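In: Based on what follows, work out the 3D shape:
(one chain, ligands or ions: 1)
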Amino acid sequence: MTKPVFLDFASATPQSDASIAAMQPYLQSNFYNASALYLAAKKVKHDLNNLRAAAAKVLQVRPSEVYFMAGATEANNTVIKGILGAYKDSFCIYSDLEHDSIRTSMLHVASQKVTVTADGRINTVSLKNSITDNTSLIVCMYANNEVGTIQPLEEIMKIVKKVREERSKSNNLLPLHVHVDASQSFQYVPLLPHKLGIDSAVIGSGKIYGPKQSAVLFVKAGTSLQPTLRGGGQEAGIRPGTENVGLIAGTVAAVLETDSLRLSESKRMHELQMYCVSKLQNMQSVTINGSLKYRLPNNIHISCVGYDNEIIVMKLDELGIMAATGSACHASSDEPSAVLQAMGLTTEQIQGSVRFTMGRTTTKKDIDKAVGALAKSLLS
Ligand code: PLP
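Out: As a prediction, this is how the structure comes out:
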């Protein structure tokens, strides 16, 4: 039997050899609690400091601005609840492009939703018009997990800069914190928080060939975050609990490796993406969703109008292709994708939507197989 083709890298990536190797020393021989006082534990603490410094170097931030979290979901929750908890009576701006860890958090805080353009980007006019004197937080992901669209962060930061200047002139001390979920973008778009002017950002390790349930969170120095968890004060109180240094080592190794592969993989992915798109564009009843210009190079998101995506994905699976309907990042639910609805896709387009996301092992042959299997699935 031929090996199945995995085209769902936006939902999970296999852990890389470098990441696994980095974890090994901490699983048995150096298992000590980094807060203990004996020499062997102090060595682990020292390693933890070095890991933090290594991650900080990639992001070009201070080591004290880097926190290790138990996953992107936790990090997103920590920032949203932390900011809105610190600034009572303030509210947050977001859009339906955000991952469920953010969208569902919004149901529990004061929030205002802004609109999305037809090509899958946040509407910056709607965002600008939604900012009031009580806005303390803007959440905008770097790139979307379903359609792969890269968001206009630089444009948003121009708007934010102006508001911050006006606030300082009128003595409005409420911060305008910008949080960026870079979980999907980090492989292809560098994350330089200070250059962008943002206040916090998260990279989920499980999307960059690191261990799952682990993430790097940047929070700008001086930010007031009300802690959501209480405990022993680790991670400056933002994420208390005994540090899992092995998991952190695996995560930081994945960050370093991803950073070093970014250029070559982006180029390779883009070529494969264009190859795949050109093939799909010749297929009847297939349309491509979302901007092709502002898009992660590993994402191909289509609608097969008149078809049911769950049936397509099951047929693809039988033909040896693993793909996703809409977004496979959330627990299965019958709710139509909020992202595609916000983009104004019709019910039929949403029902027939399929996502292929490529990764380090994807080849041209895989794309040929996937397109062939898709054609077969739509015929049968
Ligand atoms: N943010 C984005 C953009 C994602 O794609 C995901 C994927 O699930 C998450 C956050 C949540 O990551 P995790 O499930 O690892 O907490």
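
In: What ranges does the chain have for its strands?
Out: 5-6, 66-69, 91-95, 111-114, 135-139, 177-181, 200-204, 215-219, 286-288, 299-304, 321-322, 324-325, 353-357 (DSSP state E).

In: what's the most buried one of the ones you listed?
Out: Comparing these on average neighbours per residue, with mean count of other Cβ atoms under 10 Å, the densest one is strand 200-204 at a mean of 29. Using the backbone N, CA and C atoms, a C-beta is placed for each residue, glycine as well.

In: Against which helices or strands is it packed?
Out: Counting contacts by 3 or more Cβ pairs under 8 Å, 6 or more residues apart in numbering; DSSP states H and E, strand 200-204 is packed against helix 72-86, strand 177-181, strand 215-219.

In: Compare those and report which one is nearest to the ligand.
Out: helix 72-86 (3.3 Å; Cβ to the nearest ligand atom).

In: wait, does the closest one contact the ligand?
Out: Yes. Applying Cβ under 6 Å from any ligand atom, one finds helix 72-86 touching the ligand at 72-73.

In: wait, what's in contact with L176?
Out: With contact set as Cβ atoms under 8 Å, 6 or more residues apart in numbering, L176 has these partners: 131, 135-138, 160, 163-164, 167.

In: ok, and for stretch 106-120, which residues are buried?
Out: Of the residues in stretch 106-120, those with enough neighbours to count as buried (16 or more other Cβ atoms under 10 Å) are 106, 109, 111-117, 120.

In: got the residues you listed as TSV, with pLDDT and distance to D8 columns?
Out: Formatted as TSV, the buried residues of stretch 106-120 follow (pLDDT from 0 to 100; distance: Cβ to Cβ, whole Å):
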residue	pLDDT	distance to D8
M106	95	26
V109	94	31
S111	97	30
Q112	97	33
K113	97	28
V114	98	29
T115	98	29
V116	98	23
T117	98	26
G120	98	19
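
In: Kindly reformat these as a markdown table and extend each row with distance to the ligand.
Out: Converted to a markdown table, those look like this (distance: Cβ to the nearest ligand atom, whole Å):
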| residue | distance to the ligand |
| --- | --- |
| M106 | 14 |
| V109 | 17 |
| S111 | 17 |
| Q112 | 20 |
| K113 | 17 |
| V114 | 18 |
| T115 | 19 |
| V116 | 15 |
| T117 | 18 |
| G120 | 13 |
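
In: Let me have those in JSON lines, extended by distance to T2.
Out: As requested, the buried residues of stretch 106-120 are arranged in JSON lines below (distance: Cβ to Cβ, whole Å):
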{"residue": "M106", "distance to T2": "44"}
{"residue": "V109", "distance to T2": "49"}
{"residue": "S111", "distance to T2": "48"}
{"residue": "Q112", "distance to T2": "50"}
{"residue": "K113", "distance to T2": "45"}
{"residue": "V114", "distance to T2": "46"}
{"residue": "T115", "distance to T2": "45"}
{"residue": "V116", "distance to T2": "39"}
{"residue": "T117", "distance to T2": "41"}
{"residue": "G120", "distance to T2": "34"}
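
In: Grab the longest helix from this protein for me.
Out: Under DSSP state H, the helix in the chain containing the largest number of residues is helix 245-280.

In: about what we covered before: the helices and strands packed on strand 200-204 into TSV, with extra columns for distance to S353?
Out: As requested, the helices and strands packed on strand 200-204 are arranged in TSV below (distance: least, Cβ to Cβ, whole Å):
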stretch	distance to S353
helix 72-86	23
strand 177-181	21
strand 215-219	27
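
In: Tell me which of the strands of the chain approaches Q234 most closely.
Out: Evaluated with Cβ to Cβ, the strands of the chain place strand 66-69 nearest to Q234, the distance being 9.0 Å.
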